[in-house]
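Undergrad: curious how this folds, go ahead:
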Amino acid sequence: MPGPFHPSHPLRPLRLGFFSRLLDEVSAAERYRLVAAQIAHAEACGFDSAWVAQHHFHEHEGGLPSPFVFLAYVASRTKRIRLGTGIVTLPLENAVRVAEDAIVLDLLSGGRLEVGVGTGGTPESFAAFGLDGNDRSAIFARQLAAVRAAWAGQPLVGGDTLYPAASQLLDRIWQATFSVSGGRRAGEAGDGLMLSRTQPRPEHAPDASLADIQNPIVDAYLAALPPDRAPRIVGSRSVFVAETRKEALRLADIGLRRSAARFAASGQVGLADRAGPDASLEQLIAAYDVHVGSPDDVIAALRADSTLARVTDLVCQVHSVDPPHEAILRSVELTASVVAPALGWTRGEGVSDLQSLALL
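TA: Now for the predicted structure:
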């Protein structure tokens, strides 16, 4: 069992990321503008990467069906920060189009694209695309193999090959998973591993911590990883930092109850059966694996998460607190200036990105 968070872990140096599902309480167009501003702010604060999730149809789960289009917009307004999909729901996509769109975005962004993929999506989403959600794993495997082959320059069905070429992207694939078998699959492929900010507890261990569930996934990933491949492990976490504990908990109380009410109404397995909107704030924070409070509170909470001692990338998101935009910006600042340095992250030399804010 890994020990507590320590900055001298061999997988270091630690990289710091910002993650969004584009859930601000505004119109879709305003969501895109605000999250682009949040990513530019993260860049200005020294964050190494920004990730956006793809969601179809359900506005309260995620606001972005087209991550490559959105990241192209963000790329034109930032200079340095790496841009990732976290994730593309690959079974619902055309593999050749994903391969092509990723290449174009990577070239336009100056080689800053990271490609996270996963099986994702609700059963209803699969139906809308004419697919059966029960087939998601098989479709995912087939689609990912097709993307790899296209990027490797292998002939497509019919004999054509991809243009532009994109062999550089083969080393920037990340696989998201909730399972030990998924961790093993990512390791065998030499891909990066993406761990979720929260995930359903197994029936036999309803009180398990997130680390109890995710450390075995990391074990399987590292054991399967070829010796010549360096580990790449994203640990996504819900992190909301405010100046004071009182202010952080006030906003968390509003946001978590709102999210709990929506999850309860959704009826989705793994969401609807968690703590409901009438639960205590402490129960909601535990149920949704949220690290919230003053900088010192959040540092202590993250240090207690033993999985984070093993990640190469700590990626922070404010979901499911989802505070107002200005509070998100301040949380980004406090994370970069106080929280992450206490966990071993160092801002890159020469990083001064205030110009990116002027582009918005």
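Undergrad: now do the end-to-end distance for stretch 198-214.
TA: 10 Å (C-alpha to C-alpha, to the nearest Å).
Undergrad: pull the residues that contact that stretch.
TA: Stretch 198-214 has contacts (C-beta atoms under 8 Å, 6 or more residues apart in numbering) with 178, 195, 235, 238, 269-270, 288-289, 305-307. All C-beta atoms are positioned from the backbone trio N, CA, C, and that covers glycine.
Undergrad: enumerate every residue touching residue 285.
TA: So residue 285 contacts 252, 256, 292 (C-beta under 8 Å, 6+ apart).
Undergrad: quick revisit: need the buried ones from the contacts of stretch 198-214 selected in PyMOL.
TA: Buried members of the contacts of stretch 198-214, defined by 16 or more other C-beta atoms under 10 Å, are picked up in PyMOL with:
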select buried, resi 178+195+235+238+288+289+305+306+307
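Undergrad: mind picking the two most distant members of the contacts of stretch 198-214?
TA: Spatial extent of the contacts of stretch 198-214 (C-beta to C-beta) is set by the pair 269 and 306 at 27.3 Å.
Undergrad: partners of residue 50 in the sheet?
TA: Note on residue 50: beta-bridge partners by DSSP bridges are residue 18, residue 83.
Undergrad: host element of residue 236?
TA: Here residue 236, judged by DSSP states H and E, is contained in strand 233-241.
Undergrad: what helices and strands are in contact with that strand?
TA: Applying 3 or more C-beta pairs under 8 Å, 6 or more residues apart in numbering; DSSP states H and E, we find strand 233-241 packed against strand 192-195, helix 210-224, helix 245-266, strand 290-293, helix 295-303, strand 313-317, helix 325-334.
Undergrad: now do that strand and helix 210-224, the angle between them.
TA: 160 degrees (axes from the mean of the first three to the mean of the last three C-alpha atoms, to 10 degrees).
Undergrad: sketch out the low-pLDDT regions of the stretch 201-350 of the chain for me.
TA: With pLDDT under 70 as the threshold, the stretch 201-350 of the chain has low-confidence stretches at 268-272, 349-350.
Undergrad: cutoff 90 now
TA: The model of the stretch 201-350 of the chain has pLDDT under 90 over residues 201-203, 206, 262-276, 348-350.
Undergrad: circling back to that earlier point, strand partners of the strand holding residue 236, parallel vs antiparallel please.
TA: Under the rule (DSSP bridges), strand 233-241 has strand 192-195 (parallel), strand 290-293 (parallel), strand 313-317 (parallel) as partners.
Undergrad: how far is the last one from where the chain is centred?
TA: In terms of C-alpha atoms, centre = their mean, to the nearest Å, the centre of strand 313-317 is found 7 Å from the chain centre.
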